[in-house]
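Student: Have a look; sequence and predicted model below, questions after that.
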Amino acid sequence: MATKVADSDVLIDYLKGVDPGATAVERGLRNDELAITAVNEFEVLCGITSPATMSSARQFLASIPTLPFDGAAAGVAADIDRQLRARGLRLATADTLIAGIALANGLSLLTRNIRHFDRIDGLVIETV
């Protein structure tokens, strides 16, 4: 069962074979503890230009449980956005949605982008 959400940066690392992200994703997959969000899938696929890479990326992403951006995640993401704005901070919309999905599902976030996510109360960040 998934215990963490892989952020887009580590998923891209995995697809490119770049460590430490690739090794962290591989370990998470091997231990059956990794999920992705529909937002991460979108971000990863948007950055691909090669048809061959697109095919392998789609196959890889399809092999990982994907969490949707549903009503519960929308509510949590909206709370995150309001809390950050009240402190004079902003976060990219995609990052807010990813954090909302992770928190709504009680999962930590595997990422290299600590600076993007460390301002979110209650979000457990696992770094690589």
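Tutor: Arrived safely, thanks for sending. Numbering: from 1, shown residues only.
Student: Just name the shakiest helix or strand of this structure by mean pLDDT.
Tutor: In the chain, no helix or strand scores lower on mean pLDDT, DSSP states H and E than helix 114-117, which sits at a mean of 91.
Student: neighbouring contacts of that helix?
Tutor: For helix 114-117, the external contacting residues (C-beta atoms under 8 Å, 6 or more residues apart in numbering) are 7, 91, 92, 95, 99, 109, 111, 123, 125, 127. In short, each C-beta sits where N, CA and C put it, glycine included.
Student: Grab the nearest non-local neighbour of the third one.
Tutor: By that I understand residue 92. residue 116 (7.2 Å; C-beta to C-beta, 6 or more residues apart in numbering).
Student: Now do the same contact list for the closest residue to residue 58 other than its chain neighbours.
Tutor: Nearest non-adjacent residue to residue 58, counting by C-beta to C-beta, 6+ apart: residue 45, 7.2 Å away. Counting by C-beta under 8 Å, 6+ apart, residue 45 touches 54, 57, 58, 61.
Student: Doesn't residue 45 belong to a helix?
Tutor: Yes. Applying DSSP: H, G, I helix; E, B strand; the rest coil, one finds residue 45 inside a helix.
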